[in-house]
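S.K.: Task: produce atomic coordinates for the following.
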Amino acid sequence: MRGPIAFLCSVALLVPGPAGVGAAALAQDASPRAGEGAYCRTPGPLPDLEPEKRPAQEANEEGESGAADSLMERGPPPPPPPPPPPPPPLAAPPPVSMAVDSVVVTGSRADRPSAAETAAPVPDESADSRVMPPYPPRPPQPRPQSGLLTAGEHDDLVNPELYAAYQRRSDLGQKARDLPQLDTARLFTVELRDERGRAMPFETVELRCADGNTLSMETVADGSVVFFPDLDRLSDRVWVRAGGGDWRMANLSRQPGGQVVKITATRDARAVTKLDLALVVDVTGSMGDEIRYLQAELESIIGALEKRHPELDIRVGFSFYRDQGDDFVTRTYPLDGDVSKAQARLAQQSANGGGDYEEAMQDALVRAANLDWRDDAVKSLLLVADAPPHDGDIGTAWLAAEHLRGKRVHIVPVGASGVGPMAEYVMRAMAAATQSRYTFLTDDSGIGNPHAKPAIDCYLVTRLDQLLRRVIDSQISGRRIEPEQGEVIRSVGQYDAGRCVLPPDFGEQQD
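M.R.: From the prediction side, this is the model:
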């Protein structure tokens, strides 16, 4: 338990706007009143999930931790396989018809399936459940290796006006319950620095509302905590403190324009030396390409991070998921410092199951929220998915995201092929709420099924492994890292270091 830390406090505006928090709104001797009320909302408890089922051969895996065993149900060993049948008698090969789709076999290449075998099933329009749309035939695909997939990214916290306009345009409130609403136009940010101006990560910031209810969050690597006045249900007047220091009072503005409370500590900032990285991955049938390439990309990403941060202690964990009725719903592995073991676990996964569009993302996020995250580590979660939760499960997925936010976990969605408006909306909200960025695959690589264009005004396209390395590296270093000139494949819109340049008449267009 750390003792109280002495702090100096100042206030500034994140985005220029009227009625900002001024020095007169702060009072060193002001203190909040304890009590009960409706302000400073905290999320409810996570649901209890059934024990996981896993293949019996994994039950005796060497080094498996008790935390994972408590999540998984061990079944009886499978019966031995039957002996192979005798080989058939040799026969002359049939004549080859030019009308048949065939491939010349050279080396270790296998026969290509016929068009009838590879065509996507036509969706049943009379079915109650939604199905994935059929995809056009694909050109021959290269062998999976790192550096082939391409992607873009977007930070809604540095583009609050665009995100507010996106929320208005989406009009998804009638299609699903419990959709998150983030008021990015009125961010309330607390920033901590030491006397040398360095960011102070992993420090506890308390915000107390007028009724005495309190929110407690920790700073990320850049020394900041972001509160959302509407989502967090803040009162018009709040009190903030850091490290058990004195309470400082601030009046919240109701006008657009972010507000920042800057606090200076009298002790030095600590260094970031640990990273906990969890991958929550949809492993249903539509994700086959992404899983095969992710297996190669993970090694490249971790290798680049270790090269840039030789002192970094990295742990990797997983929560794979499918849907109700599949052979498993979730399969979770604890955060483990043996990166080779983590890569082997990812390599064992295959895409199967699913069928309708939505999947059990919410259960995998609940599992991830219950992982053994370290208090003194940067915490990052890659959410690799091409579909949202079922409409009735969006509230649970969002609840899990709020618990991950409370644990200081950055959610980094990776929107795969097939992402539609609902999936993009949910995943972008999760990224913004956890001070992270939304990433998405693009068609520039020519690999896999077509990727939907995101509802985003500007972005740069680079290799996926380079992009994820930059995003995670930014979370470690506490500063935004932009791509090198040679890394940019193409640009969309007017991009300026993460911000989209707004047209002069942007405000009029929104009226």
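
S.K.: pLDDT score assigned to Glu62?
M.R.: Predicted confidence (pLDDT) for Glu62: 44.

S.K.: what ranges of the stretch 51-200 of the chain fall below the confidence cut-off?
M.R.: 55-146, 173-174 (pLDDT under 70).

S.K.: One more pass at 90, please.
M.R.: Under the criterion pLDDT under 90, the flagged ranges of the stretch 51-200 of the chain are 53-148, 168-181, 185.

S.K.: can you give me the strands in the stretch 351-500 of the chain?
M.R.: Here the stretch 351-500 of the chain has its strands, by DSSP state E, counting those that start in this stretch, at 378-385, 409-415, 438-441, 459-463, 490-492, 495-496, 499-500.

S.K.: of all the ones you listed, which lies closest to Arg479?
M.R.: strand 378-385 (13.0 Å; Cβ to Cβ). (Glycine included, C-beta is placed from N, CA and C.)

S.K.: and that closest one with strand 409-415, angle?
M.R.: Per axes from the mean of the first three to the mean of the last three Cα atoms, to 10 degrees, the angle that strand 378-385 makes with strand 409-415 is 30 degrees.

S.K.: I'd like the mean pLDDT over strand 378-385, please.
M.R.: Averaged over strand 378-385, pLDDT sits at 98.

S.K.: Using PDB, write out every CA atom in that strand.
M.R.: Backbone C-alpha positions of strand 378-385 (Å, rounded to 0.1, in the frame of the first residue of the first chain) are rendered in PDB as follows:
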ATOM      1  CA  VAL A 378       0.700  -2.500 -19.400                       C
ATOM      2  CA  LYS A 379      -2.400  -4.500 -20.300                       C
ATOM      3  CA  SER A 380      -3.500  -5.000 -23.900                       C
ATOM      4  CA  LEU A 381      -6.300  -7.200 -25.400                       C
ATOM      5  CA  LEU A 382      -6.500  -7.900 -29.100                       C
ATOM      6  CA  LEU A 383     -10.100  -8.700 -30.000                       C
ATOM      7  CA  VAL A 384     -10.000 -10.400 -33.400                       C
ATOM      8  CA  ALA A 385     -13.500 -10.800 -34.700                       C
END
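
S.K.: Could you name the helices and strands sitting against it?
M.R.: Here strand 378-385 touches strand 274-282, helix 361-369, strand 409-415, helix 421-433, helix 464-477, going by 3 or more Cβ pairs under 8 Å, 6 or more residues apart in numbering; DSSP states H and E.

S.K.: Figure out how far that strand is from the centre of its chain.
M.R.: Taking Cα atoms, centre = their mean, to the nearest Å, one finds strand 378-385 lying 4 Å from the centre of the chain it belongs to.

S.K.: before we move on, what about stretch 166-185?
M.R.: On Cα atoms, centre = their mean, the centre of stretch 166-185 falls 18 Å from that of its chain.

S.K.: That one: which residues count as buried?
M.R.: Buried residues in stretch 166-185, counted by 16 or more other Cβ atoms under 10 Å: 166-167, 170, 176, 179-180, 182-185.

S.K.: Ends of that stretch, what's the gap?
M.R.: This stretch, stretch 166-185, spans 12 Å end to end (Cα to Cα, to the nearest Å).

S.K.: How about stretch 413-420?
M.R.: Taking Cα to Cα as the measure, stretch 413-420 stretches 14 Å from start to finish.

S.K.: distance between that stretch and the chain's centre?
M.R.: Mean C-alpha position of stretch 413-420 versus that of the full chain (Cα atoms, centre = their mean) differs by 11 Å.

S.K.: so Arg322 touches Glu359, yeah?
M.R.: Yes - counting by Cβ atoms under 8 Å, Arg322 does reach Glu359; the two are 6.5 Å apart.

S.K.: Settle it for me: which of the two has more neighbours?
M.R.: Set Arg322 next to Glu359 and count neighbours by other Cβ atoms under 10 Å: Glu359 wins out with 30 against 25.

S.K.: What count of nearby residues applies to the closest residue to the more buried one other than its chain neighbours?
M.R.: Nearest residue to Glu359 in three dimensions, chain neighbours excluded: Asp323, at 4.7 Å (Cβ to Cβ, 6 or more residues apart in numbering). Neighbour count for Asp323, taken as other Cβ under 10 Å: 22.

S.K.: now swap in Lys341 and tell me
M.R.: Neighbours of Lys341 under the rule other Cβ under 10 Å: 16.

S.K.: is it fair to say it lies in a helix?
M.R.: Yes - the assignment for Lys341 by DSSP: H, G, I helix; E, B strand; the rest coil puts it in a helix.

S.K.: Reformat the strands of the stretch 351-500 of the chain as a markdown table; add distance to Gln295 and mean neighbour count.
M.R.: Formatted as a markdown table, the strands of the stretch 351-500 of the chain follow (distance: least, Cβ to Cβ, whole Å; neighbours: other Cβ atoms under 10 Å):
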| stretch | distance to Gln295 | mean neighbour count |
| --- | --- | --- |
| strand 378-385 | 11 | 25 |
| strand 409-415 | 14 | 26 |
| strand 438-441 | 15 | 26 |
| strand 459-463 | 16 | 22 |
| strand 490-492 | 26 | 13 |
| strand 495-496 | 31 | 14 |
| strand 499-500 | 33 | 17 |
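
S.K.: so which of those comes closest to Ala342?
M.R.: strand 378-385 (12.4 Å).

S.K.: Direction included, what does the closest one pair against?
M.R.: In the sheet, strand 378-385 lines up against strand 274-282 (parallel), strand 409-415 (parallel) (DSSP bridges).

S.K.: among the ones you listed, which is nearest Asp473?
M.R.: When those are compared by Cβ to Cβ, strand 274-282 sits nearest Asp473, at 9.9 Å.

S.K.: Make sure His451 is actually in contact with Asp444.
M.R.: No - shown here, His451 and Asp444 do not form a contact pair, counting by Cβ under 8 Å, at 9.3 Å.

S.K.: more neighbours, those two?
M.R.: A direct count of neighbours by other Cβ under 10 Å for His451 and Asp444 places His451 higher, at 23 against 16.

S.K.: give the contact list for that one.
M.R.: Contacts for His451 were tallied using Cβ atoms under 8 Å, 6 or more residues apart in numbering; they are 415-417, 419, 440-443.

S.K.: rerun that using 10 Å as the cut-off
M.R.: Residues counted as contacts of His451 (Cβ atoms under 10 Å, 6 or more residues apart in numbering) are 149-152, 386, 415-419, 440-445.

S.K.: Just the buried subset of those residues, please.
M.R.: If we count by 16+ other Cβ under 10 Å, the contacts of His451 have these buried: 149-152, 386, 415-419, 440-442, 444-445.

S.K.: What's the separation between Leu46 and Ala397?
M.R.: Going from Leu46 to Ala397 by Cβ to Cβ, to the nearest Å gives 11 Å.

S.K.: Likewise for Glu311?
M.R.: Separation of Glu311 from Ala397 (Cβ to Cβ): 35 Å.

S.K.: In terms of neighbours, single out the busier of these two.
M.R.: More neighbours surround Ala397 than the other of Glu311 and Ala397, with 24 against 9 (other Cβ under 10 Å).

S.K.: Show the contacting residues for that one.
M.R.: Contacts of Ala397 by Cβ under 10 Å, 6+ apart are 178, 180, 360-366, 383, 388-390, 426-427, 430.

S.K.: Asp338: which of those residues is nearest?
M.R.: Using Cβ to Cβ, Ala364 comes nearest to Asp338 of the contacts of Ala397, at 21.8 Å.

S.K.: Hmm, Gln362 and Thr396 touching each other?
M.R.: Yes - between Thr396 and Gln362 there is a contact under Cβ atoms under 10 Å: 4.1 Å.

S.K.: Spit out the residues that contact the two alike.
M.R.: 47, 389-390.
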